[in-house]
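[1] here is a sequence with its predicted model. Questions after.
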Number of protein chains: 2
Amino acid sequence: MKPIAEIITIGDEILAGTTLDTNAHWLTGELVTLNIPVLRRHTISDTPEEILFALQTLSDKTSIVIMTGGLGPTRDDITKKTVTEYFGGKLIFSESLFQEIQEKLRHRKRIIPESNREQALIPDNARILPNPVGTAAGLYFEDKKGRRVYLVPGVPEEMKSIFNESIRPELIKLPGEKIRVYIYKTTGIMESEIVDRIEEGLNHFPMVKVGYYPSVYGVTLKMTVKENEAGAVESRLRDFLYNQLGDAIYTEGDRDITEIIADKLLSRGWTLSVAESCTGGLISHRLTEVPGISRVFTEGLVTYSNEAKMRLLGVSPCTLKKHGAVSQETVIEMARGIRQRSGTNTSLSVSGIAGPAGGSREKPVGTVWICAVTPEKEETIRIQFNKGRHMNKHFASQTALNLLRKLL
Amino acid sequence: MKPIAEIITIGDEILAGTTLDTNAHWLTGELVTLNIPVLRRHTISDTPEEILFALQTLSDKTSIVIMTGGLGPTRDDITKKTVTEYFGGKLIFSESLFQEIQEKLRHRKRIIPESNREQALIPDNARILPNPVGTAAGLYFEDKKGRRVYLVPGVPEEMKSIFNESIRPELIKLPGEKIRVYIYKTTGIMESEIVDRIEEGLNHFPMVKVGYYPSVYGVTLKMTVKENEAGAVESRLRDFLYNQLGDAIYTEGDRDITEIIADKLLSRGWTLSVAESCTGGLISHRLTEVPGISRVFTEGLVTYSNEAKMRLLGVSPCTLKKHGAVSQETVIEMARGIRQRSGTNTSLSVSGIAGPAGGSREKPVGTVWICAVTPEKEETIRIQFNKGRHMNKHFASQTALNLLRKLL
């Protein structure tokens, strides 16, 4: 039987709208990579009634359940008790686990709160999954149908750590049909345009299942093929996609455009500096998410004021006066200025109106000018995108990075 | 009867682990603000079987259902058909809606894909909810029990726009017991320490329901009181919390620490510049998420290389050689340097080892030095936090902003 999973997130903080559930997302990605499809995800509150509902309505197809949350040192954590009793066990106080928790906290020189005693209660019908980074252990139950049920804390680092060390090694051994997943990430092209370009041609690939995943950074295509059919189709599929979509595809596989840029810079032996205005540091932040980026990225200047654009980048007062800070002339001077002063081979600059205020008739909110410079080329583009300050920044950052990528 | 909601997210992209479900999170926040508790959230795939399962297992308590996703121009969108038929209707082609969609796309000077014809199919048993920013309309169904079922597209901007213009105005009119929510945001203090400081005292506030919501930025406390009991408890509760937690509380209400800093700077008439190393632009990015920040924030320098630290901030080569880039001496020179050169009243600097590489015995990965300077004070701190590069950056950015906040 092919393993199929459900994920249950327990937590009033998520249903209160206070906390974004990134755990379920992360777990989904990990399970999919293990070729274990996630049938459903549920988010429920920390009450016995709701926990029982979730357990009782599990699909018959589901053979793996991962429950997160409800294992911390606050008073409303009744998850452990409810799940233990549902599977026919009861909680007992473990002196040895208590000592272990105390030791961990002492080691970190933290005051030991009384509420940690709760965390030393363990079910008599579960296997303990050690928590390498926190105090609340994970638990493994097996129900009468042989269904595997994992209960892990909701703190993301603890959940991930327990998954990586105890759960993944078990799941990887399960049998199941192998599939191969091909990821093609595109940017600068609308989902509906991609559909029109590839949909008809995909009829020649009936064995390929296609998913379109749009975000502000572009559309990701995920192609799934059975392992035994992959060999016959792989290179033909790749040719077809590059033929239809060209360099709108910036990578195969699940990497960020910043990683692609880092690789290209490294392979050319080039360095990069960035001058930002409306993106406000987001491009530098995204670049510095890449480990080892310091080998190619030397500096990023967020020149928010005109004075800073002149002093730090050498933008001329005349240009600012005549064309404004959001203009082709200004971004060219920004990019040339930072490239010259920092001594990097390449540079990138952005100036625009993130909003909500600051727009005009000629330059409405969302107007952004971008310039990229390499030893070989210099290019500018103007974009117009207005979906709120936050999204405008992200869209501009991606468009700027994509302009640079194409020049490398 | 008190309105209670369930949210159903339809989308293979979420169950494929490709897309983070921010829609359910946003909707939850909006519903909670309308005093409509969210009982459960589900994420299911785009198949008739799963959509029917979700509709059939709705709780009897649930009177409002919001379904998102499954309304875009790709071939696997069968949501509309399934839901329409579940509620006893069928799909018909609407020439007028088709014309409207064509007009929208023409207006944006986009090529009109054939797949948009699909979007002009409308149920004969639903009310159309206009989509102000996209082409796929929302739908409203009512089941036999009088349950309200809203179906909206999964594109976040479209979902939000339809919710704001068509759904919220309806929900706000529903009857229900009024509650008041008090939010206290803390940072720099562990959840278990907060519990120990306030848990006992909270026994004197039996009418207050407390939730703890930890994240890498700190712990948010959410206190809920019935509207008619709020007057008697509000100021006493506030006094108690400030007494126990002091200035670990940085705001009441749901605002980011950057907004608090912006307010404080504005009220003092001060300006700010930021010099970052390991946080890589994240602090500037976070500050520039605040609309109007340009009145107080003039520049942010991401001096990733030592050369940039010397040239742009005036950090002395001797200091770098003797103490290293990650040291108290260096962050002091960074903060003083940028403050002097930019002419701002206040400044903030950060230098650390984000990882995964670059650590040593004396300065392991996660070691970060921070300095904040105002016209009145100068303060430095060293932190040690290692939960991966991404989290390290976020934790360091929050700690730095908090240091600055306390000095303002």
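    That came through fine. Only a predicted model underlies this, so the values are computations on that prediction, with no experimental measurement involved. Numbers count the residues shown, from 1 in each chain, chains lettered A, B, ... in the order given.
[2] going by C-alpha atoms from here, please, whenever you check contacts or count neighbours.
    Fine.
[3] find me the pLDDT at A:Ile111, would you?
    Turning to A:Ile111, the model gives it a pLDDT of 59.
[4] same check, this time on A:Leu202
    A:Leu202 is assigned 95 on the pLDDT scale.
[5] then A:Ser115?
    For A:Ser115, the pLDDT comes out at 63.
[6] cool, A:Asp254 as well?
    Taking A:Asp254 on its own, its pLDDT is 84.
[7] ok now do it, which residues does it touch?
    For A:Asp254, the set of contacting residues under the criterion of Cα atoms under 8 Å, 6 or more residues apart in numbering or on different chains consists of A:Ile183, A:Lys185.
[8] how about 10 Å then?
    Contacts were defined as Cα atoms under 10 Å, 6 or more residues apart in numbering or on different chains; by that measure A:Asp254 touches A:Tyr182, A:Ile183, A:Tyr184, A:Lys185, A:Thr220, A:Lys222, B:Thr18.
[9] can you pull out the strands in the stretch 51-200 of chain A?
    For the stretch 51-200 of chain A, strands defined by DSSP state E, counting those that start in this stretch occupy the ranges A:64-68, A:91-93, A:121-123, A:127-129, A:138-142, A:148-152, A:179-186.
[10] mean pLDDT added to the ones you listed, as CSV?
    CSV is the format used below for those (pLDDT from 0 to 100):
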stretch, mean pLDDT
strand A:64-68, 96
strand A:91-93, 90
strand A:121-123, 88
strand A:127-129, 94
strand A:138-142, 95
strand A:148-152, 96
strand A:179-186, 90
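[11] turn those into TSV, columns for distance to chain B and mean neighbour count.
    Formatted as TSV, these follow (distance: least, Cα to the nearest Cα, whole Å; neighbours: other Cα atoms under 10 Å in any protein chain shown):
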stretch	distance to chain B	mean neighbour count
strand A:64-68	14	23
strand A:91-93	20	14
strand A:121-123	17	22
strand A:127-129	20	17
strand A:138-142	19	21
strand A:148-152	16	23
strand A:179-186	10	20
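[12] can I get the ones you listed in JSON lines including distance to B:Asp12?
    Output for the strands of the stretch 51-200 of chain A, formatted as JSON lines (distance: least, Cα to Cα, whole Å):
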{"stretch": "strand A:64-68", "distance to B:Asp12": "19"}
{"stretch": "strand A:91-93", "distance to B:Asp12": "38"}
{"stretch": "strand A:121-123", "distance to B:Asp12": "35"}
{"stretch": "strand A:127-129", "distance to B:Asp12": "30"}
{"stretch": "strand A:138-142", "distance to B:Asp12": "28"}
{"stretch": "strand A:148-152", "distance to B:Asp12": "23"}
{"stretch": "strand A:179-186", "distance to B:Asp12": "14"}
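[13] with respect to B:Gly176, which of the ones you listed lies nearest?
    strand A:64-68 (31.4 Å; Cα to Cα).
[14] helix, strand or coil for the residue in chain A sticking out farthest from the centre?
    In chain A, the greatest distance from the average C-alpha position (Cα atoms, centre = their mean) is reached by A:Cys318, at 42.5 Å. Here A:Cys318 is helix, with the state taken from DSSP: H, G, I helix; E, B strand; the rest coil.
[15] show me what contacts it?
    Shown here is A:Cys318, whose contacts under the criterion Cα under 10 Å, 6+ apart are A:Gly324, A:Thr330.
[16] and the gap between it and chain B?
    As defined by Cα to the nearest Cα, to the nearest Å, A:Cys318 lies at a distance of 20 Å from chain B.
[17] same question, A:Ile283
    Relative to chain B, A:Ile283 is positioned 8 Å away (Cα to the nearest Cα).
[18] so which strand or helix has that residue?
    Following DSSP states H and E, one finds A:Ile283 within helix A:282-287.
[19] how far off centre is the next helix or strand after that helix?
    Downstream of helix A:282-287, the next assigned helix or strand under DSSP H and E is strand A:297-303. From the chain centre to the centre of strand A:297-303 is a distance of 24 Å (Cα atoms, centre = their mean, to the nearest Å).
[20] can you list the strands that strand A:297-303 pairs with?
    Here the strand partners of strand A:297-303, with direction, are listed using DSSP bridges: strand A:272-276 (parallel), strand B:297-303 (antiparallel).
[21] so which bits of the stretch 301-408 of chain A are right by chain B?
    In this structure, the stretch 301-408 of chain A approaches chain B at residues A:301-309, A:311-312, A:341-342, A:354-358, A:387-391, A:393, judged by Cα under 10 Å from any Cα of the partner chain.
[22] among the residues you listed, which lie within helices?
    Counting by DSSP state H, the members of those that fall within helices are A:Asn306, A:Glu307, A:Ala308, A:Lys309, A:Arg311, A:Leu312, A:Arg341, A:Ser342, A:Arg389, A:His390, A:Met391, A:Lys393.
[23] picking up where we left off before, just the CA trace of the helix holding A:Ile283, in CSV.
    Listed next in CSV are the C-alpha coordinates belonging to helix A:282-287 (Å, rounded to 0.1, in the frame of the first residue of the first chain):
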residue,chain,number,x,y,z
LEU,A,282,15.0,43.6,0.5
ILE,A,283,17.3,42.7,-2.4
SER,A,284,20.3,42.7,0.0
HIS,A,285,18.3,40.7,2.5
ARG,A,286,17.4,38.1,-0.1
LEU,A,287,20.9,37.8,-1.4
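[24] by contact count, what packs against that helix?
    In terms of contacts (3 or more Cα pairs under 10 Å, 6 or more residues apart in numbering or on different chains; DSSP states H and E), helix A:282-287 is packed against helix A:257-268, strand A:272-276, strand A:297-303, strand A:346-352, helix A:389-407, helix B:282-287, strand B:297-303.
[25] measure stretch A:147-167 end to end?
    Distances were taken as Cα to Cα, to the nearest Å; on that basis the terminal residues of stretch A:147-167 are 14 Å apart.
[26] quick one: buried residues of that stretch?
    Neighbour-count burial for stretch A:147-167 flags A:147-163, A:166-167 (criterion: 16 or more other Cα atoms under 10 Å in any protein chain shown).
[27] next one: stretch A:383-391
    Burial within stretch A:383-391, assessed by neighbour count using 16+ other Cα under 10 Å, is assigned to A:Gln384, A:Phe385, A:Asn386, A:Lys387, A:Arg389, A:His390, A:Met391.
[28] mean pLDDT added to the helices and strands packed on helix A:282-287, as JSON lines?
    Rendered in JSON lines, the data for the helices and strands packed on helix A:282-287 read as follows (pLDDT from 0 to 100):
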{"stretch": "helix A:257-268", "mean pLDDT": "98"}
{"stretch": "strand A:272-276", "mean pLDDT": "98"}
{"stretch": "strand A:297-303", "mean pLDDT": "97"}
{"stretch": "strand A:346-352", "mean pLDDT": "98"}
{"stretch": "helix A:389-407", "mean pLDDT": "97"}
{"stretch": "helix B:282-287", "mean pLDDT": "98"}
{"stretch": "strand B:297-303", "mean pLDDT": "98"}
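[29] show me how far stretch A:62-72 is from its chain's centre.
    Using Cα atoms, centre = their mean, the distance from the centre of stretch A:62-72 to the centre of the chain it belongs to is 21 Å.
[30] likewise for stretch A:219-231?
    Between the centre of stretch A:219-231 and the centre of its chain there are 21 Å (Cα atoms, centre = their mean).
[31] identify the residues contacting that stretch?
    With Cα under 10 Å, 6+ apart as the test, stretch A:219-231 has contacts from A:177-191, A:194, A:205-214, A:233-234, A:237, A:248-249, A:251-254, B:13, B:16, B:18-19.
[32] so which of these sit within helices?
    A:Glu191, A:Ile194, A:Val233, A:Glu234, A:Leu237, B:Glu13.
[33] I'd say the first one and A:Tyr212 touch.
    Read it as A:Glu191. Yes. In terms of Cα atoms under 10 Å, A:Glu191 counts as a neighbour of A:Tyr212; the distance is 7.4 Å.
[34] contacting residues around A:Gln99?
    Contacts for A:Gln99 were tallied using Cα under 10 Å, 6+ apart; they are A:Arg117, A:Ala120.
[35] ok, so what distance separates it from chain B?
    Taking Cα to the nearest Cα as the criterion, A:Gln99 is separated from chain B by 18 Å.
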